[in-house]
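**Q** Can you look at this prediction? I've put the sequence above it.
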Amino acid sequence: MLVYTVRRVLGTIPVLILASVLTFVLIDVSGDPLSELRMQQPPPDPSVIELQEERLYLDRSMPERYWLWVTGIGGNGDIGLLQGEFGPSTQSNSYDIGAQIAERLGVTLRLVGAAMLLALGLAILAGVVSAMRQYSKIDYTLTFIGFLALSMPVFWFGGIMQQAGVTFNDLVGTQVFATIGDGLYQAQGEDLWGRITNAFAYMTLPTIVLMLTSFASWSRYQRTSMLEVLNSDYVRLARAKGLPNRVVVRRHALRTALIPLTTVVAVGIAGVVDGTVLTEQVFQWRGLGEFFVTAVNENDSYALMAWLLLSGVVVILANLVADILYGVLDPRIRYE
Amino acid sequence: MHKRRKTLALAAAGTSAVMALSACGGGGGEPAEEEVTWVINSLPAAWGAISSAGGSVYVIQMLSGIVPYTGQYQPDATYEYNMDVLAEEPTLINDNLDEGPFQFSFTLAEDAVWNDGTPMTGEDLRVTMMMSASPSEGYCDTCDSRGTTGADMVESVEVDGKTATFTLKEGLANPEWRGMFDAHSVAGGFYPAHLAEENGWDVDDPAQLGEYYAWLHETRPEWSGGPYQIVDGDLENQVVKEPNPEWFGETEPGLDRIIMPYNTDEGTFIPAFQNGEIDGANPAQYSADIVTQLQDIQNATLEIGEGNIWEHVDINVENEWLSDVELRRAIFTAINRDEIANRNFGATYPEYELKNNHIFGSASEYFEDHISDTGQGSGDVEAAMQILEDAGYELEGDTLMLDGEQVGPFRLRSTDTVTRSNSLQLIQAQLAEIGVQTNIEMTDDLGAMTSEQDFDIVQFGWSGSQYFASSPEQFWHSESTSNFGGFADDEVDEHAEATATATSLDEAAEHANAAVEAVVPHAYVLPIMAEPNYFFASDRLANVEDNLQSSYRATYNIGEWDLAE
């Protein structure tokens, strides 16, 4: 297993290099980071533009810039992935892309973690219940909810949830749910109970929105997988041996049925992270999704490259974890 | 039975939890009695407003109540000096260039101090001017000021305590001299100089002044020269302001705390406002959808007015066909501005006004209508056809011909926004009525399209300002890099140059109006309308109003904000 893992990790290096080249070239050719400055009215002094070109290394050729971006050799100490520097930002001289990513990663992981846990728990529950009661009213209801959830645009559903939160607050006469912000500022100086209520207020609505798509697809996987297992010979044998239904489902069927879901969830992490782009925008969380939107709006090429590269790394790592987990969970699979 | 009881117990536990949280008031929190939450509509990129990155309305508004300034335009477009900060109105020492260089001075009030108790002096004005200048002026190696014109004119500054006297370079005049440190200036006011020395920087060393400039833009200001000071915050979430204990102004701040969260999604304004999470905002973009929703909300003030961004249609006069002024006049006459404005804004802002002067808004004292009488933008198809017939054009079926050859088709371009998309579709239909065929081509890179003259007819927006002296030169001067359609005319050049070098605003306005009058018959730029802006505020606030003449918008008088009785 260890050898396999090391081999897979080494195998990601060329993929990462290729991803870095593609990311850099695509962003680099997609536009001039200084276009807004050049369009400014009245036009800035040429020395101001030169200053910015020099700061953003736009006075160098594309291959030179790529080399700088990766190694940092020949730069001003603010660029070079190998040195932990993502490059200068067009947003301002003081905008540290690396520090921003580190800070926002925590915000996003908070949201993603909560959404994934909730989505996973509900998906397993819904999938198992649907499979156990195949073609019953509850199966049809859960199926309908699943397809509804899959078809709902995040920005729209986010707006609906915000309005629902406002309506609920009006009903109870106090602010139970907040509709904007991640609540971290508001939690400063609060005691434990204050932090819990704060987290509840700020996290509930965006978590529900973010988990919706994942819940929908994962519950369908879980239903299919569970049905397959429930109809398998060894489950029939367990039942024939007189084992109680609860034991058959929990010990024999569910464990096996969870294996495909595990890999789907591991790969799905990337999708959930991508889903934060809209969710964070709708609920005004300053996480990585919002970082991406700002980078696009500000034509911040190095910030965009950092985000895309990070997404690439997450996808590669998630696939790696999925492969490894598959081996761990399924005793029939052995890596050589 | 047992199962059902468990389900009920779970439901009861969930409800209890929610009710318990409700009893605790939740995390949203009710606003404190003297606390106001005012939205900044985007993320401010820096803590200083001088730089090109920091020079946005969001930074300016975030720094409202912090940066002192010498004056500003009021909502009714009249100018008022800030007599809290000034000892007397600024003095124009010499505006007769034959007698000597252009000279003026500012004297700050005796009791004007920064929040650390240090007196404000002329040195603050001198250092702000130096940081606003181009690196090529030699004051600062790395200052990337977003607007260098005024500062680059300065030859020398003499500081005498509270007074700073500015002398311009020989032969140069600045009609907008009084605005050098006002709310509309590049810095949005002026910055403290003494903090440079306290941090070990010599402001007369170009490298060290650059370091101070960077520090001002990178460091959350603990300094303040206004009624409030920033006590908490960052550039990603919000700033929190509380009254400046050293404030020397006549009006005491009326609030204990102002929280300014940054909110980039206008779609969230309504639920947040209804939920009591925000008390108001002055968004930069107009949204008919949000305005419609706001109109239905009780206990809220909603105002809509003419904003600073004005849309216009430009023609590439270097196009083979469009170089003919008669064809251009016919095109502008066939365009129906009222239909465009009505389609875009009529439903929520039926009081919209068409723009009839490229330089001055209708509220300006210098406004003169140069468009209405020409018929341009009227949508008068008959008049347009008459112009074409007189010039020898003929209509064959639906196609305009000249000497047996089809005129056009032309590339009609803009960026893909709802407003501009609507507008271009209407223009296309309107021009089709006079046989001019166009193909709509959208772009997401307005800068490249205009600078490369990659259009035949284009619609985009200019940002207007109360300070206009450089505008005619930018728009129409034959050597301007912003004169995208390639227009050139000696008379317009003369008036544009005279506007920029006038010695007073009145004189500059006279030349600016002359430039407009000269350019209109050439049918080069057709102004359509200024895009409206809206503002909303909770009725629990008092003394809060929008100021569309200022980048500070509603925060222009933040020191006077209070809660309603």
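**A** In hand now; what should we look at?
**Q** which residues touch residue A:180?
**A** Contact analysis of residue A:180 by C-beta atoms under 8 Å, 6 or more residues apart in numbering or on different chains lists A:283-284, B:261, B:263, B:268, B:271-272, B:277-278. In short, each C-beta sits where N, CA and C put it, glycine included.
**Q** now residue B:293
**A** By C-beta under 8 Å, 6+ apart, the contact list for residue B:293 reads residue B:270.
**Q** how much space between it and residue B:554?
**A** With distances taken as C-beta to C-beta, to the nearest Å, residue B:293 is found 19 Å from residue B:554.
**Q** Can you read off the pLDDT for the nearest residue to residue B:233 once chain neighbours are set aside?
**A** Excluding the flanking residues, the one nearest residue B:233 by C-beta to C-beta, 6 or more residues apart in numbering or on different chains is residue B:239, at 3.3 Å. At residue B:239, the model reports a pLDDT of 95.
**Q** in its sheet, what does the helix or strand where residue B:239 lies sit against?
**A** Per DSSP states H and E, residue B:239 falls inside strand B:238-243. The strands beside strand B:238-243 in its sheet (DSSP bridges) come out as strand B:228-233 (antiparallel), strand B:257-261 (antiparallel).
**Q** show me where the stretch 151-300 of chain B has helices.
**A** Applying DSSP state H, counting those that start in this stretch to the stretch 151-300 of chain B gives helices spanning B:194-198, B:206-218, B:269-274, B:288-295.
**Q** would you turn those into TSV with mean pLDDT?
**A** Below are the helices of the stretch 151-300 of chain B laid out as TSV (pLDDT from 0 to 100):
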stretch	mean pLDDT
helix B:194-198	96
helix B:206-218	95
helix B:269-274	93
helix B:288-295	90
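**Q** Out of those helices, indicate the one that is most buried.
**A** Of those, the one with the most neighbours on average (mean count of other C-beta atoms under 10 Å in any protein chain shown) is helix B:269-274, at a mean of 24.
**Q** got the contact list for residue A:129?
**A** A:138-139, A:142.
**Q** Need phi/psi at residue B:125.
**A** Dihedral pair for residue B:125: phi -70, psi -40, per degrees, to the nearest 10.
**Q** I'd guessed the residue nearest to residue B:233 sits against residue B:62; true?
**A** Yes - Residue B:239 is within contact range of residue B:62, at 5.8 Å (criterion: C-beta atoms under 8 Å).
**Q** Now list whatever residues contact both of those two.
**A** Common contacts of residue B:239 and residue B:62, defined by C-beta under 8 Å, 6+ apart, comprise residue B:260.
**Q** who's more crowded, those two?
**A** residue B:62 (28 against 25; other C-beta atoms under 10 Å in any protein chain shown).
**Q** Once you drop chain neighbours, what's closest to residue 282?
**A** Just going to use chain A. Residue A:282 sits nearest to residue A:158 (C-beta to C-beta, 6+ apart), 3.5 Å away.
**Q** nope, chain B
**A** On the basis of C-beta to C-beta, 6+ apart, the spatially nearest residue to residue B:282 that is not a chain neighbour turns out to be residue B:553, at 3.9 Å.
**Q** residue contacts, that neighbour?
**A** So residue B:553 contacts B:57, B:61, B:282, B:533, B:535, B:546-547 (C-beta under 8 Å, 6+ apart).
**Q** what's the top helix by length along chain A packed up against?
**A** Criterion DSSP state H: the longest helix present in chain A is helix A:192-230. Counting by 3 or more C-beta pairs under 8 Å, 6 or more residues apart in numbering or on different chains; DSSP states H and E, the packing neighbours recorded for helix A:192-230 are helix A:97-132, helix A:137-151, helix A:154-172, helix A:184-187, helix A:255-283, helix B:2-23.
**Q** relative orientation of it and helix A:255-283 in degrees?
**A** Orientation note: helix A:192-230 sits at an angle of 140 degrees relative to helix A:255-283 (axes from the mean of the first three to the mean of the last three C-alpha atoms, to 10 degrees).
**Q** can I see the domain layout of the chain?
**A** Since no chain was named, I'll use chain A. A:39-89, A:108-285 (automatic domain parsing).
**Q** hm, I was asking about chain B
**A** Split by automatic domain parsing, chain B gives B:26-259+B:535-563, B:307-532.
**Q** Reformat the ones you listed as a markdown table; add distance to residue A:23.
**A** Below are the domains of chain B laid out as a markdown table (distance: least, C-beta to C-beta, whole Å):
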| stretch | distance to residue A:23 |
| --- | --- |
| domain B:26-259+B:535-563 | 23 |
| domain B:307-532 | 20 |
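**Q** For residue A:308, which of these is the nearest?
**A** domain B:307-532 (18.4 Å; C-beta to C-beta).
**Q** Can that closest one be said to contact chain A?
**A** Yes - using C-beta under 8 Å from any C-beta of the partner chain, we find that domain B:307-532 touches chain A at B:445-448, B:450-451, B:462-463, B:470, B:474, B:481-482.
**Q** which among those gets closest to chain A?
**A** Chain A lies nearest to residue B:447 out of the residues of domain B:307-532 next to chain A, by C-beta to the nearest C-beta, at 4.0 Å.
**Q** Tell me the first helix or strand C-terminal of the helix or strand where that closest one lies.
**A** Taking DSSP H and E as the definition, one finds residue B:447 inside helix B:446-451. Downstream of helix B:446-451, the next assigned helix or strand under DSSP H and E is strand B:457-463.
**Q** which one of the domains of chain A has the most crowded surroundings?
**A** Mean neighbours per residue, mean count of other C-beta under 10 Å, is largest over those for domain A:108-285, with a mean of 19.
**Q** which one of the strands paired with strand B:238-243 is the most hemmed in?
**A** strand B:257-261 (a mean of 22).
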